[in-house]
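> what follows is a predicted structure for the sequence shown.
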Amino acid sequence: MNTLTVAALVAGALLGTWFTSGIVRALLYRQSILAHPDRRSSHTTPIPQGGGIAVVGMTAVGWIGIGVMDIGDAPSLAGVVAAALTLAIISWFDDVGTLPIAPRLIFQATAVTVVMILAPTEALTQGILPLPIDRLLTALIWVWFINLFNFMDGIDGIAGVETLCVCIGVAGVASIAGSGGDLIMQAAILGAAMAGFLPWNWHPAKLFLGDVGSVPVGFMLGWLLLELAGNGHWLAALILPSYYLSDATLTLIRRAIYGKAVWKPHREHFYQRAVNAGLSHRKASMAVAVTGVWLLGCALLSAIPNPPVLFTATGASLGVVGLLWYFQRAAHSTPTAI
């Protein structure tokens, strides 16, 4: 893998996303495609939503470039990119209007199924379960991850820092384990694209990702994590997104227990309740970033030969519990917003 090629693709994704995000923002303003504040919002002024057009577009260009340059499996990658772009188009209709939950889930499940047929990952359970059950479990996990990533994009900067940490972790684990340059490049390009978007989305946000971004980005992140797990690094694949997995799952379980509709937008995630109580967007997203770096370190430790599995899993768990505790504590106080 040529170093200059790698640098060009990653730099192109970062700078291209940063530049095109400004163009997209101007167009969204001109068309009045704005997220207006409501009782569920964490912002107080109308903000253009649809910045995911830049992120997904530049990631797609970069991933196609990987295939063209024979760094990865071009047909498989083309299928993943096509599915991600299809989800972006469908999600765009949800941004500019309102798309019911049923068709959204149908399109997501279809995209996942098509990719699993055209570009199958390795068996997630490594032969522990029969292949049909393994595939069904993989599809369910993937669809769930797409939606939880969308659910969790509720404050400025959080989706960017989470994606960046996960992508660096995937690339790092794959590099340590020698799992393939294509996975490293895919993670690097997606991470770079989100890094290019982050200045526009950092508090106070000038541009929102929108469903056009959060849904396909969740889809592509899910692909990377499943590839990592399929290559035998299931512990790292669980550790890297474990804060998002924990916050989203515990919140929806709590809502279900209290008889609330789990599919409706809300402001009850751990980080949202902390922000509602006065914690700033910056502090909340920085806390997620710090924990993400900790989890990244745990994931890298899990990739070394003869890894200390119990120590690594315990360290990751303590990191997630610590962040949830921090948000829970902040939710019952009124810190000064910065």
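Everything's here; your move.

> tell me which other helices or strands the helix or strand hosting T20 touches.
Assigned by DSSP states H and E, T20 falls within helix 3-30. Applying 3 or more C-beta pairs under 8 Å, 6 or more residues apart in numbering; DSSP states H and E, one finds that helix 3-30 contacts strand 47-48, helix 52-68, helix 181-201. All C-beta atoms are positioned from the backbone trio N, CA, C, and that covers glycine.

> and I106, how many residues sit next to it?
If you count neighbours by other C-beta atoms under 10 Å, I106 ends up with 12.

> mind listing what's buried along the host helix or strand of I106?
Element membership for I106 (DSSP H and E) is helix 101-118. Of the residues in helix 101-118, those buried by neighbour count under the rule 16 or more other C-beta atoms under 10 Å are 104, 107-108, 111-112, 115-116.

> would you turn the residues you listed into a markdown table with pLDDT?
What follows is the buried residues of helix 101-118, written out as a markdown table (pLDDT from 0 to 100):
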| residue | pLDDT |
| --- | --- |
| R104 | 93 |
| F107 | 95 |
| Q108 | 96 |
| A111 | 95 |
| V112 | 95 |
| V115 | 91 |
| M116 | 88 |
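
> sketch out the low-pLDDT regions of this structure for me.
Within the chain, the stretches with pLDDT under 70 are 1-2, 39-42, 70-73, 120-121, 334-338.

> can you show me the strands along it?
Secondary structure of the chain, counting by DSSP state E: strands at 34-35, 47-48.

> wait, which of these is closest to D94?
For D94, the closest of the strands of the chain is strand 34-35, at 12.2 Å, according to C-beta to C-beta.

> ok, M116 to G230 distance?
Between M116 and G230 the computed distance is 11 Å (C-beta to C-beta, to the nearest Å).

> what do you get for Y29?
Distance from Y29 to G230, by C-beta to C-beta: 42 Å.

> comparing the two, which residue is more hemmed in?
G230 (20 against 14).

> the residue lying closest to A277 once chain neighbours are set aside: what's it in contact with?
Sequence neighbours aside, A331 is the residue nearest to A277 in space, at 4.9 Å (criterion: C-beta to C-beta, 6 or more residues apart in numbering). For A331, the contacting residues are 270, 273-274, 276-277, taking C-beta atoms under 8 Å, 6 or more residues apart in numbering as the criterion.

> which of the residues you listed count as buried?
Using 16+ other C-beta under 10 Å as the threshold, 270, 273-274 are the buried ones among those.

> just those: which are in helices?
270, 273-274 (DSSP state H).

> of those, closest to G97?
For these, the nearest to G97 is R273 (29.1 Å; C-beta to C-beta).

> and the angle for the helix holding T20 with helix 52-68?
Here helix 3-30 points in a direction 150 degrees away from that of helix 52-68 (axes from the mean of the first three to the mean of the last three C-alpha atoms, to 10 degrees).

> next, the angle helix 181-201 makes with helix 3-30.
Here the directions of helix 3-30 and helix 181-201 differ by 40 degrees (the same axes, to 10 degrees).

> use 35 as the first number for this chain going forward.
Shifting the count to begin at 35 puts that one at helix 37-64.

> chain center to helix 37-64, what's the gap?
18 Å (C-alpha atoms, centre = their mean, to the nearest Å).

> can you check stretch 200-214 too?
16 Å.

> mind listing what's buried in it?
200-211, 213-214.

> again with stretch 171-185
172-173, 175-185.

> over to stretch 256-272?
256-265, 267-272.

> contacts for it next, please.
114, 149, 155-158, 160, 172, 175-176, 179-180, 183, 200-201, 203-204, 207-208, 211, 213-214, 217, 220-221, 224, 274-275, 279, 333-334, 336-337, 341, 343, 346-347.

> same thing but 6 Å
114, 155-156, 158, 176, 179, 204, 207, 213, 217, 221, 333, 336-337 (C-beta atoms under 6 Å, 6 or more residues apart in numbering).
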